[in-house]
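**Student:** next comes the sequence, and after it the predicted model I'd like to discuss.
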Amino acid sequence: MSRTVIVTGAASGIGLACVELLLAQGDRVCAVDLNPVPTATLDASACTERMIVRAIDVSDPEACAAAVAACVEKFGKVDALIHMAAVHSTHTWREIDAAHMNQVLQINVTGAFNMSQATALAMEKTGGGAICLAMSGSIAVSGLGGEGRGGIAYISSKAAIIGVTRGLARSLAPLNIRVNAVSPGSTRTAMTADYSEAAVRHAGAKTLAGRMGEASEIASVALFLISDGAAYVQGEIVNVNGGGHLGL
Ligand SMILES: NC(=O)c1ccc[n+]([C@@H]2O[C@H](COP(=O)([O-])OP(=O)(O)OC[C@H]3O[C@@H](n4cnc5c(N)ncnc54)[C@H](O)[C@@H]3O)[C@@H](O)[C@H]2O)c1
């Protein structure tokens, strides 16, 4: 049965790959991002008939509520949220000031909460749903940044997603809303586009797969987590990292 899914971070990388997969399987999509969603790789008639786009900043709670309201107005309800919107930060501990730290936390952590809260309020009215957030494999493995990868502001924000996922999973379970997160390893998207060749090699060598991940390989697991096939998966942070969590 087709569903209505809100996807944030829909303009790029894993979020865009989620939109592609959802439209291809006949679902309806509310695509949310600060930036315009590129439609070149998407089915044109599906975009017209089964997708709306909302350009918002997820750190703005009123904008999040308005995006969810637009989705409900267009499609009648929200079955699931896949929240991928986030910013990267490679600043070192010496470079970071409080303003930068707060900005990254506001987008990556408060933004995840804002979208989850707005969506849960809509799902509550229609009997439930599912939410998939995004953690980060490097945090799950070691908390390490460096080599062009996430700095302390990004790492802190992604570590907080563990708490958001588990706290919301517990809070929303009585409303029949499941909450989980994917935890991607290093994945080839705009977020990692500035990795040096050495960083790409290093990231791949740390996995059993021997390479970085592709956006579609993370998206397919996010889609599973919001599906009925994952009905008994709650409060989980699911590694999708080519075996990187084994810590080679
Ligand atoms: N790519 C990786 O290696 C990797 C690894 C671990 C975790 N992740 C996580 O996966 C998720 C998706 O990452 P990606 O690699 O696809 O990144 P990406 O940079 O390709 O896409 C992120 C999207 O979020 C949007 N965005 C940023 N700030 C926003 C805001 N304030 N409001 C609305 N939209 C905003 C951007 O415009 C962009 O389209 C992120 O949460 C990221 O932290 C990625």
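**Tutor:** Looks like it came in fine.

**Student:** spell out which parts of this protein neighbour the ligand.
**Tutor:** 9, 11-15, 33-35, 57-59, 84-87, 107, 111, 134, 136-137, 184, 186-187, 189-192, 215 (CB under 6 Å from any ligand atom). All C-beta atoms are positioned from the backbone trio N, CA, C, and that covers glycine.

**Student:** leaving aside the residues next to it on the chain, what's closest to the residue nearest in space to the middle of the chain?
**Tutor:** Here the mean C-alpha position of the chain is nearest to the C-alpha of residue 84 (CA atoms, centre = their mean), at a distance of 2.0 Å. Here the nearest residue to residue 84 in space, its sequence neighbours aside, is residue 9; by CB to CB, 6 or more residues apart in numbering that works out to 3.3 Å.

**Student:** for the one you found, grab the count of nearby residues.
**Tutor:** When neighbours are counted by other CB atoms under 10 Å, residue 9 registers 27.

**Student:** let me see the contact set for it.
**Tutor:** By CB atoms under 8 Å, 6 or more residues apart in numbering, the contact set of residue 9 is 15-16, 32-33, 83-86, 134.

**Student:** ok so, going back, buried ones among the residues of the chain next to the ligand?
**Tutor:** Neighbour counting by 16 or more other CB atoms under 10 Å classes 9, 11-15, 33, 58-59, 84-87, 107, 111, 134, 136-137, 184, 186-187, 189, 191-192, 215 among the residues of the chain next to the ligand as buried.

**Student:** now, the residues you listed that are in helices?
**Tutor:** Mapping those onto helices (DSSP state H) picks out 13-15, 111, 137, 215.

**Student:** quick one: least confident of these?
**Tutor:** Of all those, residue 137 carries the smallest pLDDT score, 77.

**Student:** surely that residue touches residue 244?
**Tutor:** Yes - shown here, residue 137 and residue 244 form a contact pair, counting by CB atoms under 8 Å, at 5.6 Å.

**Student:** got any residues that touch both of those two?
**Tutor:** Residues touching both residue 137 and residue 244 (CB under 8 Å, 6+ apart): 185-186.

**Student:** which ones are touching the residue of the chain found nearest the ligand?
**Tutor:** Residue nearest to the ligand within the chain: residue 13 (2.2 Å; CB to the nearest ligand atom). Residue 13 makes contact with 84, 187, 189-191, 215, according to CB under 8 Å, 6+ apart.

**Student:** please flag which of these sit within strands.
**Tutor:** Using DSSP state E, residue 187 are the members of those that sit in strands.

**Student:** of all the contacts of residue 13, the one with the weakest confidence?
**Tutor:** residue 191 (90).

**Student:** count of neighbours near the closest residue to that residue other than its chain neighbours?
**Tutor:** Spatial nearest neighbour of residue 191, chain neighbours left out: residue 88 (4.9 Å); criterion: CB to CB, 6+ apart. Residue 88 has 19 neighbours, counted by other CB under 10 Å.

**Student:** repeat that for residue 228.
**Tutor:** Other residues lying near residue 228 total 8 when counted by other CB under 10 Å.

**Student:** show me what the strand or helix carrying residue 162 packs onto, helices and strands only.
**Tutor:** Assessed by DSSP states H and E, residue 162 sits inside helix 152-172. Counting contacts by 3 or more CB pairs under 8 Å, 6 or more residues apart in numbering; DSSP states H and E, helix 152-172 is packed against helix 98-105, helix 111-125, strand 129-134, helix 137-141, strand 177-184.
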